[in-house]
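J.: predicted model and sequence below, questions to follow.
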There are 2 protein chains.
Amino acid sequence: MKFPAVDVSKTASASTIVFDVLRKAIIEGKIPEGAPLRQDEIANMFNTSRIPVREAISRLEEQGLIKTQRYKGAVVAGLSADEAAEVFDLRALLEPEIIRDAVPRMSRECLSDARKHCTAFSQSPNPMEWGDLNRVFHKTLYGPSTLNYFKDVADNAMDRVERYIRAQLVISDGMERADSEHLAILVACEEGDADRASLLLRDHINGAKHSLLEHFPTPARHKKR
Amino acid sequence: MKFPAVDVSKTASASTIVFDVLRKAIIEGKIPEGAPLRQDEIANMFNTSRIPVREAISRLEEQGLIKTQRYKGAVVAGLSADEAAEVFDLRALLEPEIIRDAVPRMSRECLSDARKHCTAFSQSPNPMEWGDLNRVFHKTLYGPSTLNYFKDVADNAMDRVERYIRAQLVISDGMERADSEHLAILVACEEGDADRASLLLRDHINGAKHSLLEHFPTPARHKKR
DNA sequence: CTATGGCATATTGGATCCAATGTCCAAGGC
DNA sequence: GCCTTGGACATTGGATCCAATATGCCATAG
């Protein structure tokens, strides 16, 4: 028997489809922050009833991407620059550990993939793609790591600040800096220098955070961290 | 008008109640790992329909506490000792940062609360309570920190390994060690020494992790970290 | 005696319907 | 004129019903 078999049990349920699509739309900023999510409106868009929509919404809330109030509905959760900075701080703790774990496990193929994504990122003329390409590059480097829980948490963190990442890439020299930093990280990986890759990645994330705080100044409220 | 008014909008929906109860039951080990969660059975227990139960289940899955397979149902997710160790590694990264942030913000009241919980923990004769008391102590110390996202992530991490924490407290000298280490951390907080509290907490968590790996040896599989 | 196919039952996923609550606006009292 | 109040409409939360799938048993063919 030689044909591509698919695991039918992995076919997505309606609620999963709705969840995935909404999640993507939210982190990409397709749905502006604060916008209400009407259940029947979404249900109509997907040609389903509101039941799967509600399950998707409850999952999105559990992920922190939306906020709901009883009998009032759900709105996509926005992050202040301060809150986003905290998420970046967490990323700066986690992701260096992930890449340190991943470097000694990187196959030749993984590295060539990473390089491919790195150049694709640097050469893409379309700012709309930058967010995705950036994320794919990072994910490729983290892939070989066995720290699955770390990766899950980091994924959620990236989800939450994806909009800020995208904004930060288009402003000023964000794209050029990210590009050169990506290259440095990649070279360190290719040379098998896990510690250097880890440090460079930490700086990369911290750099993004500072650029963010610069361009989205907090409304001069209370003490800064 | 002088009577205690309650914010009705904060009353929990059925799905939230089910979620909270199930979550607690799972992390406390009341429901053994691998046990299936039957929707209508749970619905009957709470005198509701299966709808809120399903929302609770989808949220629990999003939190990683259970796993579901389409048309087959949900089972509570178990963690191998290796996986639990990874969660402890993450805690050892995050929680020291939280307490470092919290120490300079601790009020006199917070510290006295912490001391109260610390002694309550050390004096409780009932091993069933240890898990809760331990958690309350930690939560009290983290409370003043403004790192809300860190706290959320740490909470989820603790949820996932709560059963291991409980097991680890009852075996050998787990309780005594936790007790003395708690005291040392508390004293550091009282003295306003954030760095020392942070280091002690890191050691505290790492110690728990190692004790865990000792008493729940991995089935001699592949490489250890 | 084994294995295959066909039922019956159990269980989940989804649709539709009803109840509960929020929102908005217009009518009426001060 | 402004504020309250009542009711129509919109929207969410939950219950009930139906469809799709899995599981177990049994009969039966080989």
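T.: Looks like it came in fine. Numbering: from 1, shown residues only, chains lettered A, B, ... in the order given.
J.: residues of chain A that sit close to DNA strand D?
T.: By CB under 7 Å from any atom of the strand, the part of chain A that sits against DNA strand D consists of A:8-9, A:36-40, A:50-51, A:54, A:68, A:70-74. C-beta here means a position set from N, CA and C on the backbone, and glycine is covered the same way.
J.: okay, now A:Asp82: neighbour count?
T.: Residues near A:Asp82, counting by other CB atoms under 10 Å in any protein chain shown, number 16.
J.: now A:Leu213, what are its backbone angles?
T.: Dihedral angles of A:Leu213 (phi, psi; degrees, to the nearest 10) stand at phi -70, psi -30.
J.: equivalent analysis for A:Gly192, please.
T.: Per degrees, to the nearest 10, the backbone of A:Gly192 is at phi 70, psi 20.
J.: you'd agree it is up against A:Arg105?
T.: No. Under the criterion of CB atoms under 8 Å, A:Gly192 is not in contact with A:Arg105, lying 10.6 Å apart.
J.: now the residue nearest the centre of chain A: which helix or strand?
T.: Among the residues of chain A, the one closest to the centroid is A:Met158, at 3.3 Å (CA atoms, centre = their mean). Using DSSP states H and E, A:Met158 maps to helix A:148-170.
J.: remind me what that helix packs against, helices and strands.
T.: helix A:14-27, helix A:81-102, helix A:127-142, helix A:174-190, helix A:194-215, helix B:81-102, helix B:148-170 (3 or more CB pairs under 8 Å, 6 or more residues apart in numbering or on different chains; DSSP states H and E).
J.: check contacts around A:Val18.
T.: A:Ile42, A:Phe46, A:Thr48, A:Pro52, A:Val53, A:Glu55, A:Ala56 (CB atoms under 8 Å, 6 or more residues apart in numbering or on different chains).
J.: pull out the buried residues from the residues you listed.
T.: Buried by 16 or more other CB atoms under 10 Å in any protein chain shown: A:Ile42, A:Phe46, A:Thr48, A:Pro52, A:Val53, A:Glu55, A:Ala56, out of these.
J.: now these as a markdown table including secondary structure?
T.: Converted to a markdown table, these look like this (DSSP: H, G, I helix; E, B strand; the rest coil):
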| residue | secondary structure |
| --- | --- |
| A:Ile42 | helix |
| A:Phe46 | helix |
| A:Thr48 | coil |
| A:Pro52 | helix |
| A:Val53 | helix |
| A:Glu55 | helix |
| A:Ala56 | helix |
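J.: look up the pLDDT of the closest residue to A:Tyr142 other than its chain neighbours for me, please.
T.: Once flanking residues are discounted, A:Tyr142 sits nearest to A:Ile98: 4.9 Å by CB to CB, 6 or more residues apart in numbering or on different chains. The model reports A:Ile98 with a pLDDT of 96.
J.: thinking A:Ile98 is in contact with A:Ser145, fair?
T.: Yes. Assessed by CB under 8 Å, A:Ile98 is found in contact with A:Ser145 at 4.8 Å.
J.: looking at the two, which is more packed in?
T.: Neighbours per residue, other CB under 10 Å: of A:Ile98 and A:Ser145, the larger number sits with A:Ile98, 25 against 21.
J.: show me what contacts that one?
T.: A:Ile98 touches A:Tyr142, A:Ser145, A:Leu147, A:Phe150, A:Lys151, A:Ala154, counting by CB under 8 Å, 6+ apart.
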